[in-house]
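*Asks:* could you look at this predicted model? Sequence included:
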Amino acid sequence: MKIIDLICAPGRTGFFFDDQRAIKKGAVPDGATYRGEPVTPGFTAVRQAGEAISILFLLEDGQIAWGDCAAVQYSGAGGRDPLFLAQNFIPFIETHLKPLYVGKEITTFRAMAEELEHIQVEGKRLHTAIRYGVSQALLDAVAKSQHKMMCEVVAEEYRCRLSDEMIPIFTQSGDSRYDNADKMIVKGAQVLPHALINHVATKLGQKGELLEEYIRWLRDRIIALRTDESYAPTLHIDVYGTIGLVFGNDNYEAMADYLARLEKAAAPFKLRIEGPMDVEDREKQMQALKALTAVIDRRGIGVEIVADEWCNTLEDIKYFADNKAGHMIQIKTPDLGSVSNIVEAVLYCKEKGIGAYQGGTCNETDRSAQVCVHLAMATSPTQILAKPGMGVDEGYMIVFNEMQRILAVAKAKKLI
């Protein structure tokens, strides 16, 4: 079967593009936006509407295969590709990619994804968002040409076994870390709440006391609201490097002391801390996380460290995993380019005994979230992010329902 046309449609994402550096430098929250000047190149405001581009392949039998190009909320930060705006990239796609795909024969997903990853324009690789969306459409095209679910194609090509159970879903609260935590608990989210601890003075505390208070509140709230005592979610909190800002990025013993306090505050629930420090350099970040992880393990502290910033590409993920720079690595899906790299990243982390968090960003779309569920059901990561958005309900619904549909169809087809 052939692709007979490539069509682009501009779209909105489930959240915003935020200038992370400007926020760290003190941009002032103002309602649903921020006051202050942008710092990262490409931004015209600290917060901008998130944008996406749908890639639609018209197949010769009349079917339409599609995926969404999307980039993370904090584009342009932590070594990532620059801001992704539809008006800039639709002409680029139509000029440089459409001629490559119109009339193209559909083969295997792995072969077509590998070819996509090696496309260069003027000596440069395609923006990660473009590779992300086009590869989703390619996976869908292969699945439709074979009359299979996308997860079936991935499982067959990568010699995996489809999961016969739900992958734990991780929900994120945004700044509504109290009200949204209630939603998560009521819905039975297995990992929560992210909490967006991205500012020392107002969220972590000058001695870490604000986060410690929040974790105690969250622990008590779970116990108060749960209707079944067996419900024991993992607490996973992203601190955006603020612990390092307070205690010193290389003061591993002091950070470990603080994490031990947080472990007690979270008990009896398991605690993960994402991004304890951000030293704004890939090599230094790996070394810092490796050192902190070793201290935590040596002291028998039960908190798991999650790598995120400066661990963006498949090569980065392998590098961090090889060096045990964290107990878990976030596979931030849009940052990896082709979704084939997500599959390989999950499988590599599992091989190395490192937790595989198939994440992403609130700034994705319903379509990219659905495709990511298929990848997860084929590869069984430790957890998957509920996305897009920060409202909990919508992202959790999209991921939960797609997972349930896959399970129902797989059982009906006797695949599991």
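*Replies:* Sure thing, it's come through. Numbers count the residues shown, from 1 in each chain.

*Asks:* which non-adjacent residue is nearest the residue most central in space within the chain?
*Replies:* Nearest to the mean C-alpha position of the chain, counting by Cα atoms, centre = their mean, stands residue 360 at 1.6 Å. Computed as Cβ to Cβ, 6 or more residues apart in numbering, the closest residue to residue 360 that is not its neighbour in sequence is residue 333, at 4.1 Å. Glycine gets a C-beta too; all of them are placed from N, C-alpha and C.

*Asks:* burial measure for the one you found, as a count.
*Replies:* Per other Cβ atoms under 10 Å, the neighbour tally for residue 333 reads 29.

*Asks:* quick one: it and residue 131 touch, right?
*Replies:* No. Here residue 333 does not reach residue 131: they are 11.3 Å apart, not a contact under Cβ atoms under 8 Å.

*Asks:* show me where the stretch 51-200 of the chain has helices.
*Replies:* Ranges of helices within the stretch 51-200 of the chain are 86-96, 98-101, 109-117, 128-146, 150-157, 179-187, based on DSSP state H, counting those that start in this stretch.

*Asks:* just name the most buried of these.
*Replies:* Ranked by mean neighbour count, the helices of the stretch 51-200 of the chain are led by helix 128-146 with a mean of 26 (mean count of other Cβ atoms under 10 Å).

*Asks:* what helices or strands is that helix leaning on?
*Replies:* Where contact means 3 or more Cβ pairs under 8 Å, 6 or more residues apart in numbering; DSSP states H and E, helix 128-146 is packed against strand 47-59, strand 64-69, helix 86-96, helix 109-117, helix 150-157, helix 339-352, helix 366-379.

*Asks:* show me the one of these that comes nearest residue 39.
*Replies:* strand 47-59 (12.7 Å; Cβ to Cβ).

*Asks:* next, the buried residues of that closest one.
*Replies:* For strand 47-59, a neighbour-count test (16 or more other Cβ atoms under 10 Å) marks 47-48, 50-55, 57-59 as buried.

*Asks:* equivalent analysis for stretch 279-290, please.
*Replies:* 279, 282, 285-286, 288-290.

*Asks:* for residue 264, state which of those is nearest.
*Replies:* Of all the buried residues of stretch 279-290, residue 289 has the smallest distance to residue 264: 22.6 Å, by Cβ to Cβ.

*Asks:* wait, what's in contact with residue 219?
*Replies:* Neighbouring residues of residue 219 by Cβ atoms under 8 Å, 6 or more residues apart in numbering: 235, 265-267, 269.

*Asks:* now do residue 311
*Replies:* Counting by Cβ under 8 Å, 6+ apart, residue 311 touches 282, 285-286, 317, 319-320, 325, 329-330.

*Asks:* helices - which of the residues you listed land there?
*Replies:* Counted as lying in helices by DSSP state H, out of these, are 282, 285-286, 317, 319-320.

*Asks:* pLDDT added to the buried residues of stretch 279-290, as a markdown table?
*Replies:* Below are the buried residues of stretch 279-290 laid out as a markdown table (pLDDT from 0 to 100):
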| residue | pLDDT |
| --- | --- |
| 279 | 93 |
| 282 | 94 |
| 285 | 97 |
| 286 | 97 |
| 288 | 98 |
| 289 | 98 |
| 290 | 98 |
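
*Asks:* format these as CSV; extra columns: distance to residue 252.
*Replies:* Output for these, formatted as CSV (distance: Cβ to Cβ, whole Å):
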residue, distance to residue 252
279, 13
282, 19
285, 14
286, 14
288, 8
289, 10
290, 10
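
*Asks:* wait, isn't residue 64 in contact with residue 9?
*Replies:* No. Between residue 64 and residue 9 there is no contact under Cβ under 8 Å: 11.2 Å.

*Asks:* what do the two both touch?
*Replies:* residue 56.

*Asks:* what pairs with the longest strand seen in the chain, parallel or antiparallel?
*Replies:* Taking DSSP state E as the criterion, the chain has its longest strand at strand 3-18. Strand 3-18 pairs in its sheet with strand 47-59 (antiparallel), by DSSP bridges.

*Asks:* about what we covered before: for residue 163, find the nearest of the helices and strands packed on helix 128-146.
*Replies:* When the helices and strands packed on helix 128-146 are compared by Cβ to Cβ, helix 366-379 sits nearest residue 163, at 5.0 Å.

*Asks:* show the average pLDDT along the closest one.
*Replies:* What helix 366-379 shows for mean pLDDT is 98.

*Asks:* so what does it touch, helix or strand wise?
*Replies:* The contact analysis (3+ Cβ pairs under 8 Å, 6+ apart) places helix 366-379 against strand 64-69, helix 128-146, helix 150-157, helix 339-352, strand 355-358, strand 383-385, helix 393-412.

*Asks:* let me have the ones you listed in TSV, extended by mean pLDDT and distance to residue 25.
*Replies:* Shown next, in TSV, are those (pLDDT from 0 to 100; distance: least, Cβ to Cβ, whole Å):
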stretch	mean pLDDT	distance to residue 25
strand 64-69	98	29
helix 128-146	98	25
helix 150-157	98	41
helix 339-352	98	31
strand 355-358	98	28
strand 383-385	98	27
helix 393-412	98	29
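
*Asks:* want to throw these into a markdown table with distance to residue 83?
*Replies:* A markdown table is the format used below for these (distance: least, Cβ to Cβ, whole Å):
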| stretch | distance to residue 83 |
| --- | --- |
| strand 64-69 | 13 |
| helix 128-146 | 10 |
| helix 150-157 | 29 |
| helix 339-352 | 21 |
| strand 355-358 | 24 |
| strand 383-385 | 22 |
| helix 393-412 | 22 |
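
*Asks:* residue 222 is nearest to which of those?
*Replies:* helix 393-412 (16.3 Å).

*Asks:* how far off centre is that closest one?
*Replies:* Here helix 393-412 is found 18 Å from its chain centre; the criterion is Cα atoms, centre = their mean, to the nearest Å.

*Asks:* please apply the same query to stretch 70-86.
*Replies:* Centroid separation for stretch 70-86 versus its chain: 13 Å, with Cα atoms, centre = their mean.

*Asks:* returning to what we had before: ok, the contacts of residue 311 vs residue 187, which is closest?
*Replies:* Closest approach to residue 187 among the contacts of residue 311 (Cβ to Cβ): residue 330, at 22.0 Å.

*Asks:* got a pLDDT number for that closest one?
*Replies:* With respect to pLDDT, residue 330 scores 97.

*Asks:* do the one 3 residues further on as well
*Replies:* Reading off the confidence values, residue 333 has pLDDT 97.
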